[in-house]
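Asks: Here is my input; please provide its structure:
(chains A and B)
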Amino acid sequence: MLNINDYPQQWEKHSRTQRLLRWLAWLWFVVLCAFCWQQMNHQTLWYFVTDAPNQLADISSRMWPPRWSYMESLWQPLWDTINIATLGTALGVVMAIPVAFLAARNTTPSQLLVRPIALFVIAASRSINSLIWALLLVAIMGPGLLAGIIAIALRSIGFVAKLMYEAIEEINATQVSAITATGASPMQILDYAVVPQIMPTFIGTTIFRWDINIRESTVLGLVGAGGIGLRLNESLATLAWPQVSLIFISILATVVFSEWVSARCRKAFI
Amino acid sequence: MQSVSNYPTTWRKPPLISKPSIRYGLWLLAAVYLFFAFDSVEVNWQRVWEGGERGWRFVQAFLNPDFTSRWSNIVDGIYESLTMTLCATVAGVILSIPFGLGSARNLAPTPVYLFCRSFIAIARSFQEIIIAILCVALFGFGAFAGFVTLTFATIGFLAKLFAEEIEEIDPASLTAMRATGANWLQQVNYAVQPQVMPRLIGLSLYRLDINFRESAVIGIVGAGGIGATLNTAMDRYEYDSAAAILLMIILLVMLAEFASGQIRKRIH
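Replies: From the prediction side, this is the model:
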């Protein structure tokens, strides 16, 4: 029989094998990271990296003070940026609504055929950044605001539709059966039983996406899709750092403004 | 007494905004905004019309992507993106832990709290791409600039969420540790860490996922990775190679999302 003294005198969280396995897993992870670090840096010129503090000092001294007079030519691009975000969000939401209803398990007309297609649309739209969408659209339809608006819209479809179809799948089924029992048509069921339940999520998601889109539309100009990014690209190309810092300040101000607006809207509606 | 016929025979849904003046006012406001917005959007319809043919070529390229002719460039780009993503996520997680602890109201003294919170606010308000432009200017072209960009963005994202998680812990264990006379590090190690660890791992995996997506973009401004390869392909009008790169990105993003979702499900 086991003597009481045979038991370990000290409490241990993990047994010896568990400890060994954990240690090996960590070792593997550290080796992987070191390997990746090596691979990543095999083309890095360390001279440039060690020179970075000097560069930082140099660029900051060139950036300050910002060229305030340049602000006059920034109002129009800022207005364009807000338009890209707002019109893009509106267009994206309009396209996202049918996709969401087709993707939700309880409203889709066909689980086997339509739902996978809708889910693929959502995944494809979500995995490509709006800047890449803009890159494609500028190549196809030429530079300008329209490419930016469509890029923002295409990126918003996936985001809005995903959050909405999850909300549709979580609705309360009793209301749907109640409306069905009155003999309502499928459209009426959507209108009276489903839509009122997802309305708060819908409005919240739209405002949230608009806020994100304002941020994203500030840089779309880098690939030629209009807005303030266009001015940023010009100023960077001519190394006009005082203009760059003014553009950064106005981007920051726009982002803070849009956050304030979206917080107010959310409070008013939800 | 009211007779039955006095009651309304039809019912209408109550409107979302009950005050008619605000309801119609909002519609009017939206109409005025749309008028001015459309007025200022200049569209070269001729150019868009010509784009139709290019768009069709692009669709065809997507149906018939060319993986072979630029295969070595694609592999290099993806390899660079993946290594950059992993290094930046690890560095970002390690650095975001002190920032997260520093911006938790219940652990940090006020000056440290204010410093960390303002750092996070700055890191969060700029897009990755803008940080990438600055990093390329500082560190030169290539993956190292991308690494710094993603690390910086990761700190802003994770430190804020960590801090919120730490602020929401059950204070009882913290009080218990304080009562035993534990010092600050011991408090963090024994009272805070076990409570926030699962969330910390979940959020780090989520960020790994985001960093890969971002690594596909910051190459456009010269910070290395698959984005640089994509930009080159687009500049050369090699739509079939570009389509191949995009399909690879979509596939890898989906794989990463699936894998991180599975791991997160196991941890929780």
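
Asks: where does the stretch 151-270 of chain A dip in pLDDT?
Replies: Low-confidence segments of the stretch 151-270 of chain A (pLDDT under 70): A:270.

Asks: Closest approach to chain B from it, which residue is it?
Replies: Relative to chain B, the nearest point of the stretch 151-270 of chain A is residue A:219 (4.7 Å; CB to the nearest CB). Quick note: C-beta positions are derived from backbone N, CA and C, even for glycine.

Asks: Break chain B down into its structural domains.
Replies: B:20-61, B:69-267 (automatic domain parsing).

Asks: quick one: stretch B:6-16 to chain centroid distance?
Replies: 45 Å (CA atoms, centre = their mean, to the nearest Å).

Asks: do stretch A:152-167 as well
Replies: That offset, for stretch A:152-167, works out to 10 Å (CA atoms, centre = their mean).

Asks: Please apply the same query to stretch A:6-26.
Replies: Put simply, stretch A:6-26 sits 42 Å off its chain's centre (CA atoms, centre = their mean).

Asks: send the alpha carbons of it over as CSV?
Replies: Only the C-alpha atoms of stretch A:6-26 are listed here, as CSV (Å, rounded to 0.1, in the frame of the first residue of the first chain):
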residue,chain,number,x,y,z
ASP,A,6,5.2,8.6,-1.3
TYR,A,7,3.0,11.4,-2.5
PRO,A,8,4.7,14.6,-3.6
GLN,A,9,5.2,16.9,-0.7
GLN,A,10,4.7,20.0,-2.9
TRP,A,11,1.8,20.9,-5.0
GLU,A,12,2.5,21.1,-8.7
LYS,A,13,0.3,22.5,-11.4
HIS,A,14,1.6,20.3,-14.2
SER,A,15,3.1,16.9,-14.3
ARG,A,16,6.6,16.2,-15.6
THR,A,17,5.5,15.3,-19.1
GLN,A,18,3.2,18.3,-19.4
ARG,A,19,6.1,20.5,-18.4
LEU,A,20,8.3,19.0,-20.9
LEU,A,21,5.7,19.3,-23.7
ARG,A,22,5.1,23.0,-22.8
TRP,A,23,8.8,23.7,-22.8
LEU,A,24,9.2,22.1,-26.2
ALA,A,25,6.3,24.0,-27.6
TRP,A,26,7.8,27.3,-26.4
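
Asks: Let me know the average pLDDT across whatever helix or strand residue B:98 lives in.
Replies: If you go by DSSP states H and E, residue B:98 is part of helix B:71-102. Mean per-residue pLDDT for helix B:71-102: 90.

Asks: The helix or strand bottoming out on mean pLDDT in chain B near chain A anywhere?
Replies: Across the helices and strands of chain B, mean pLDDT, DSSP states H and E gives its lowest value to helix B:45-63, namely a mean of 80. Yes: counting by CB under 8 Å from any CB of the partner chain, chain A is contacted by helix B:45-63 at B:47, B:48, B:50, B:51, B:54, B:55, B:58.

Asks: swap in stretch B:259-268?
Replies: No: residues of stretch B:259-268 contacting chain A under CB under 8 Å from any CB: none, with a closest distance of 12.5 Å.

Asks: in that stretch, what counts as buried?
Replies: Residues of stretch B:259-268 classed as buried by neighbour count (16 or more other CB atoms under 10 Å in any protein chain shown): B:260, B:264.

Asks: Tell me which residue of the stretch 101-250 of chain B lies closest to chain A.
Replies: For the stretch 101-250 of chain B, the residue closest to chain A is residue B:140, as judged by CB to the nearest CB, at 3.7 Å.

Asks: For that residue, give me its contacts.
Replies: A:45, A:48, A:49 (CB atoms under 8 Å, 6 or more residues apart in numbering or on different chains).

Asks: Look up how far residue B:147 lies from the second one.
Replies: Residue A:48 is 13 Å from residue B:147, where distance means CB to CB, to the nearest Å.

Asks: Those residues of the stretch 151-270 of chain A touching chain B, which are they?
Replies: A:192, A:196, A:199, A:215-216, A:218-219, A:222-223, A:232, A:236, A:248, A:251-252, A:255-256.

Asks: Neighbour-wise, which one of these leads?
Replies: The residue in those with the most neighbours, by other CB atoms under 10 Å in any protein chain shown, is residue A:218 (31 neighbours).

Asks: No more questions from me, cheers.
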